[in-house]
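**Student:** sequence and computational prediction follow.
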Amino acid sequence: DGRIWAHSKGGRLWGMVGANWQEVFLRKRRIPIAAMEVDDAGELWAVSMPAGGASIVLRYDGQHATNLAPGSGLGNRLVHDLLQDREGNMWLASSAGLHRYDAGHFSRLGRAQGLASNVVTRLLPNADGGLWIGTQRGLSRLDVAGRTVTYGDADGLSMRPAVALAYGVDGKLWVATPVGLARGDSAGFQPVTLEDGSAVQQIRSLAADSRGGMWMARGESGVLHIDAAGKSSHFTTSNSLANAAAMSVATDGDTVWIGTITGLNRLVDGVMTSYDAEHGVPQVTIHDLLVDSHARLWLATDAGLVM
C-alpha cells in the first residue's frame, strides 16, 4: 500500500505515505517492539520487548491493533522472531519453544518434539514448506509432516546459538553462530572462512545478493561481504559507512541496505549513501531491516517502525 514502517524500543510505530510520516499507536501506551513480520494480507505483526518477562504479540490491520497473547496459549514467553510460512501459518520463536498461530490459538513444539533446544532464536522458511529453526543449541529442521531433525558437530555445525539464517542465491543455507559461519543444506554444512582461514564472527544479520555473495552486519566490525568466489570486502567508516556499528543488513536486487546505530545506509554499484533526518529517517539504531514481497523496505528502529 506504499507505506513504510519502523518500530522502536520506545514503542512508537511510524507510517510514511509519500513524503509524510505519521505515528500510529498500537496501544494507548507506547510499548517497545522487538520483531516484526508482514503477512500475506498486508497486516503487520509486531512483538514487544519483554514486559515482566513476557512479550506482547500484536496484529495491526491498518486501523486497529489486536493483542493475541491473552488466552491464546502463548503464555509468559519472550519472543525472539516470527514469520509466516507458505501455507499462511504464523510461527513465533520464543524462550519456551516454537509456536504456531492457528484460529486464535498457539500450539507449541519443543525439545520433546525433537528441537535442539526449547529456546528458539531464529526462523526461516524451508523450500519444502517446512522451517529451519535456529535455537540456543544449534539448528533444527521441521518438515511439512511435522518431523524434526537436529544438526550438530557431525553435520558440520556447532551446537551454539544460531544468531542469523539466510539463503544464498544458489539455495544453500547460511548459518551464523557466535563462533563462526557455515553454509550447506539438509545433507550437511561446511565452514565459511576469510581468505586467511580465520573464522567469521560477530555476525548479527545476513542477506544474500543476486550475484552469489553474502552480506553480513557485524556490529562494531562494520559490514562484511563475501562474493561467490570467496573474496571478502570490508565496509567501515573509512569507506563511507556512516557508523561502523552495523546492526542489520538487507538486499533488494543489487541494492544493499545497512542499518547502523545512527541510521540507514544504501550501497548501490559501490556508492554508499547515508539517510538522515532530512530524508525522514530518524538518526537512531536500526535493529532490523526487511524487504517484503512488494519490494517495500521495513525498518525496526529506536524511534518507531518505518516502511
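**Tutor:** Okay, I see it. Quick caveat: nothing in here was measured; it's all calculated off a predicted structure.

**Student:** could I get the pLDDT score of the closest residue to residue 110 other than its chain neighbours?
**Tutor:** Leaving aside its sequence neighbours, residue 110 sits nearest to residue 97 (Cβ to Cβ, 6 or more residues apart in numbering; 3.7 Å). Every residue, glycine included, has its C-beta placed from N, CA and C. On pLDDT, residue 97 comes in at 93.

**Student:** residue 97 pairs with what?
**Tutor:** Counting by DSSP bridges, residue 97 forms beta bridges with residue 94.

**Student:** what separates it from residue 207, distance-wise?
**Tutor:** For residue 97, the distance to residue 207 (Cβ to Cβ, to the nearest Å) stands at 27 Å.

**Student:** swap in residue 123?
**Tutor:** Taking Cβ to Cβ, one finds residue 123 at 16 Å from residue 207.

**Student:** again with residue 57
**Tutor:** Taking Cβ to Cβ, one finds residue 57 at 25 Å from residue 207.

**Student:** likewise residue 148?
**Tutor:** As for residue 148, its distance to residue 207 is 27 Å (criterion: Cβ to Cβ).

**Student:** tell me the residue furthest from the middle of this protein?
**Tutor:** Using Cα atoms, centre = their mean, the residue of the chain lying farthest from its centre is residue 196. It sits 29.0 Å away.

**Student:** element containing it?
**Tutor:** According to DSSP states H and E, residue 196 maps onto no helix or strand at all.

**Student:** next one: residue 107
**Tutor:** Applying DSSP H and E, one finds residue 107 within strand 105-109.

**Student:** pLDDT score for residue 143?
**Tutor:** pLDDT, residue 143: 92.

**Student:** ok, now the one 10 residues further on?
**Tutor:** Note on residue 153: pLDDT of 88.

**Student:** give the contact list for it.
**Tutor:** residue 159 (Cβ atoms under 8 Å, 6 or more residues apart in numbering).

**Student:** distance-wise, check it relative to residue 160.
**Tutor:** 10 Å.

**Student:** next, count neighbours for residue 201.
**Tutor:** 14 (other Cβ atoms under 10 Å).
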